[in-house]
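Engineer: Build the 3D model from these lines:
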Amino acid sequence: MTIDIRERISTEIFDYQTLMEALKELSFPRDKVTDLIKKEIIIRIKKGLYIFGDRYRRYPYSRELLANLIYGPSYISLEYALHYYGFIPERSEALTSVTIGRSRNFHTPVGLFIYRQIPIRAYQTGMTRVEESNEQSFMIALPEKALADKIITERGSSLASKKEFQYFLFDDLRIDPSVIQSLSFDRIKMYAEHYRSRKLRQLSHFISWFQRSGKDTSNE
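Structural biologist: Predicted coordinates for the structure are as follows:
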């Protein structure tokens with residue numbers, strides 16, 4: 001039945017309904033699912049969500065798509081998205097997302113998936129779809145939205161002055177100043193309105209000011 005499973009399920013990521021459809025000819029399909037997991041033919045990511053094991057995989061599965069499916073509605077943002085766009089040097093081992101649901105962490109056989117809650121008004125804007133190979137696609141924040149989400153979810157910092165923003169962006173996050181030159185302060189301003197956030201309004205002012213002057217305030 002192993003070959004039939006691989007022939008009947010064309011995608012690397014699949015749900016319980018798809019699995020049951022592939023096993024519908026069996027008298028006890030749930031027992032077969034248990035056996036497939038035990039033999040690592042399939043891997044259970046969470047209840048109702050699976051991928052094929054290494055030996056039975058036809059092409060790499062998308063961890064980003066998994067992030068969208070594990071908990072939703074959600075899309076990738078925060079540290080993972082910032083590294084994805086090349087904004088920060090450190091790669092996030094955890095795949096970070098934002099959601100309108102409550103904040104949650106999922107420890108899975110393929111890694112840690114972190115979800116941070118944001119208001120629905122802020123959630124509904126600033127995302128894009130990325131098309132990958134093998135008909136896989138995922139939703140991810142636009143660069144400015146990923147930065148806005150990171151600042152909103154950052155705790156313990158007021159970020160009220162140019163100097164504080166410069167330290168946070170260039171020292172804490174280690175974003176290259178040239179990246180700030182490429183950002184749209186209009187988008188940040190729009191996200192500030194959706195978040196109703198003073199910090200993001202201050203960020204849009206900082207970006208506008210920095211792009212005009214490129215001034216270093218670290219010694220002020």
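Engineer: Next, count neighbours for the spatially closest residue to residue 29 that is not a sequence neighbour.
Structural biologist: In space, not counting the residues next to it along the chain, residue 29 is nearest to residue 23; the distance is 3.8 Å by Cβ to Cβ, 6 or more residues apart in numbering. Every C-beta, even on glycine, is put in place using the N, C-alpha and C of the backbone. Residue 23 has 19 neighbouring residues, counting by other Cβ atoms under 10 Å.
Engineer: Please apply the same query to residue 213.
Structural biologist: Other residues within reach of residue 213 by the criterion other Cβ under 10 Å amount to 10.
Engineer: For it, list the residues it contacts.
Structural biologist: Residues near residue 213 by Cβ atoms under 8 Å, 6 or more residues apart in numbering: none.
Engineer: ok, it to residue 69 distance?
Structural biologist: With distances taken as Cβ to Cβ, to the nearest Å, residue 213 is found 44 Å from residue 69.
Engineer: likewise residue 205?
Structural biologist: On the measure of Cβ to Cβ, residue 205 and residue 69 end up 38 Å apart.
Engineer: swap in residue 127?
Structural biologist: Between residue 127 and residue 69 the distance, using Cβ to Cβ, works out to 15 Å.
Engineer: what packs against the longest strand belonging to the chain?
Structural biologist: Scanning the chain for the longest strand, with DSSP state E as the assignment, gives strand 111-117. If contacts are counted by 3 or more Cβ pairs under 8 Å, 6 or more residues apart in numbering; DSSP states H and E, strand 111-117 sits against helix 63-70, strand 95-99, strand 104-108.
Engineer: Pull out the buried positions in that strand.
Structural biologist: When burial is assessed from 16 or more other Cβ atoms under 10 Å, strand 111-117 yields the following buried residues: 113, 114, 115, 116.
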